[in-house]
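Peer 1: structure, please.
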Amino acid sequence: MSDSRRELSEPIASADQAASRGTGAAALPDKTLPRALRGMLALDDFEAPARRYIPRPIFGYVSGGAETNASLRGNRAAFDDLAFVPRALVNVRARTQKTALFGRTYDAPFGLAPMGGTAMAAYQGDLVLARAAAEANIPMILSGASLTPLERVREEGPSAWFQAYLPGETGPITALVERVARAGYDTLVLTVDVPVMANRENNVRSGYHTPLRPTLRLAWDGITRPRWLFGMFARTLLLHGMPHFENWGPRVPLLSRKGERQRGLRDQLSWSHVELMRRLWTGRLVLKGILDKNDAKIARESGADGIIVSNHGGRQLDGAVAPLRVLPGIVSQAGGMTVMMDSGIRRGTDVLKALALGAHFVFVGRPFLYAAAIAGEAGVRHAIKLLRDEIDRDMALLGITTLAEMRRERLMDARNFNGFGRGGRSP
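Peer 2: Model (predicted):
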C-alpha cells in the first residue's frame, strides 16, 4: 500500500454530514437549496434538466460517446459486476475521506475531470468548476479544449491541474509546457488516447461542429433554449465578448463560418515526446488514457508521476475496455507511480469499488458539467456534496473509517456464489 493511501487520519469536519449521521433522512430534499436543485438527489439527476437547458448540438457533444456507444455503456456495466462484502458491528464514527495525492491532502478521493464543453454549456463554466473545486479542496483538471485562458482558471482555482492535447512536435510541446509553468500549475496531464479524432456520429446527427457553425438549425436550437440563449450565450457576449478556444493552438472563435481548430500532428506523438516533457516540466506529470498494463510500466520508466486509467469516457475507440476491468493489472505494474481512474463513475459506491481495486483517486466528468449548466457554482457545490455524502454513508455501511481499508477483500464477483461452485470473494 502506498503512502498516499495511508495518510488518512483526520475526521470529516463538515457539520452537515455530522448532523445527518444516524438520522436516516439522507435522501430527503433539502429545502434550503435553490429550487432547481431540490430534486437533485444523485449525480444522475442532473442530466435530464441539463438536456432541457443546453442546446441539442452542445448537449449531444457532451453526453455522447463514439459510434455505437458500446464503451459508454460498458463503463457503467463494469461496476455492476462487483458486489460489496460489508463487515458488521464496527465503530465507524470517526470516518474520513481525506486523501493524500502528490504531496497534498484533499478532502475527498475524487476530482473534476477535464471537459472541453463546459463553457459552452454553462456561463463561465470553467471558472465555476475551478472555484467550486478549490472551495471543496479537491482538484479540477482544466481541459486543453476549454474556452477560458488557462492563466485565469489557475488564478481563481488554485487546486486546478491542466490537461493538454499535444502533437508529436517539439515546438508546440515546449511552448505549451512553458506557458503552463508560467501560469503556476503544479500538475500537467497529457492525454494520450487521441492520435486521431474519434468517429462521433452523434455530433453529425445533432449538428455539432468545432467551432460552431452559424446556421439556421443552430439558431433554432438556441431559440428553443431561451434560458441558455440569454443566461449563457447572450450574457457571455455582452460581458466578455465572443469566446475563443484559448489553450490549444491558434485562438479560434467559438462561432465561425469557416474557422478550424489546428490539431497538429497528434498521430506522431510517442514515448519520446513524453520523455521530452519530463525533461522540460518540473512539476507532476500525469498521462491520461492508459488502458494497457505494459503502457503503465513504460509510463513509469519514462518518468511519469502518475497515470489516469481512462477510455476518454467512451468517447474515443468504441469497444475499448472499461477502465475498471483493467485497473488491477495496471496497478500491478505501477510500482510507486500514482494510479487514478475516470470513466463511468456516478455513485459513491463506484468510487469505493475503484479504490478497492487499487486506484489512489478518481475523476468524474459529465455530471459536474450538467450541474454547472443548470445552477452555476451552487449546482457544482451541491453535486460535490452529494458524492461526498454518498461516500461517507457507504463507508459506514461497509464498516470502514478510512479509505485505506477499502481493499479487494471488501469485494466479490456479483455473478458468483462464495462457497458454492466456482465463486470467490476477490475479483
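
Peer 1: so for this structure, the centremost residue is which one?
Peer 2: The residue lying closest to the centre of the chain (CA atoms, centre = their mean) is Ala113, at 2.1 Å.

Peer 1: go ahead and confirm that residue touches Gly365.
Peer 2: Yes: counting by CB atoms under 8 Å, Gly365 is a contact partner of Ala113 at 3.7 Å. To be clear about C-beta, it is placed using only N, CA and C from the backbone, and glycine gets the same treatment.

Peer 1: common neighbours of those two, please.
Peer 2: Here Ala113 and Gly365 share the contacting residues 313, 342, scored by CB atoms under 8 Å, 6 or more residues apart in numbering.

Peer 1: what is the three-state secondary structure of the spatially closest residue to Ser206 that is not a sequence neighbour?
Peer 2: Counting by CB to CB, 6 or more residues apart in numbering, Gly60 is the residue found nearest to Ser206 once chain neighbours are left out, at 3.4 Å. Under DSSP: H, G, I helix; E, B strand; the rest coil, Gly60 falls in the helix class.

Peer 1: can you list the strands that the helix or strand in which Trp161 is found pairs with?
Peer 2: Applying DSSP states H and E as the criterion places Trp161 in strand 160-164. Counting by DSSP bridges, the strands paired with strand 160-164 are strand 140-142 (parallel), strand 187-191 (parallel).

Peer 1: average pLDDT for the last one?
Peer 2: The pLDDT scores in strand 187-191 average 98.

Peer 1: return the most buried member of the strands paired with strand 160-164.
Peer 2: Comparing the strands paired with strand 160-164 by mean neighbour count (mean count of other CB atoms under 10 Å), strand 140-142 ranks first with a mean of 28.

Peer 1: against which helices or strands is the helix or strand just after that one packed?
Peer 2: Next helix or strand after strand 140-142 toward the C-terminus (DSSP H and E): helix 150-156. Applying 3 or more CB pairs under 8 Å, 6 or more residues apart in numbering; DSSP states H and E, we find helix 150-156 packed against helix 125-136, strand 140-142, strand 160-164, helix 170-182.

Peer 1: closest to Ala219 out of these?
Peer 2: Of all the helices and strands packed on helix 150-156, it is helix 125-136 that lies closest to Ala219, at 21.6 Å by CB to CB.

Peer 1: which other helices and strands contact the closest one?
Peer 2: Using 3+ CB pairs under 8 Å, 6+ apart, helix 125-136 sits against strand 110-112, helix 118-121, strand 140-142, helix 150-156, strand 160-164, helix 366-398.

Peer 1: in TSV: those, plus mean pLDDT and distance to Gly289.
Peer 2: Shown next, in TSV, are the helices and strands packed on helix 125-136 (pLDDT from 0 to 100; distance: least, CB to CB, whole Å):
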stretch	mean pLDDT	distance to Gly289
strand 110-112	98	16
helix 118-121	95	19
strand 140-142	98	13
helix 150-156	97	20
strand 160-164	98	10
helix 366-398	98	17
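
Peer 1: and Val331, which of those is closest to it?
Peer 2: strand 110-112 (17.6 Å).

Peer 1: next helix or strand past the helix or strand of the chain with the lowest mean pLDDT?
Peer 2: Least confident helix or strand, the chain: helix 15-20 with a mean of 42, by mean pLDDT, DSSP states H and E. For helix 15-20, the following helix or strand on the C-terminal side (DSSP H and E) is helix 47-53.

Peer 1: return the list of helices and strands in contact with that following helix.
Peer 2: Checking 3+ CB pairs under 8 Å, 6+ apart, helix 47-53 ends up next to helix 56-63, helix 366-398.

Peer 1: buried sites along that helix?
Peer 2: Residues 47, 49-51, 53 are the ones in helix 47-53 that count as buried (16 or more other CB atoms under 10 Å).

Peer 1: do stretch 64-81 as well
Peer 2: Those would be 64-67, 69, 71-72, 74-76, 78-79, 81, for stretch 64-81 by 16+ other CB under 10 Å.

Peer 1: contacting residues around it?
Peer 2: Stretch 64-81 has contacts (CB under 8 Å, 6+ apart) with 198-203, 206, 311, 313-325, 343-344, 346-347, 349-350, 353, 413-415, 427.

Peer 1: of the residues you listed, just the buried ones, ChimeraX syntax please.
Peer 2: The following ChimeraX line selects those of the contacts of stretch 64-81 that are buried, judged by 16+ other CB under 10 Å:
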select :198,200,202,203,206,311,313,314,315,316,317,318,320,321,322,323,324,325,343,344,346,347,349,350,353,413,427
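
Peer 1: perfect, I'm done here.
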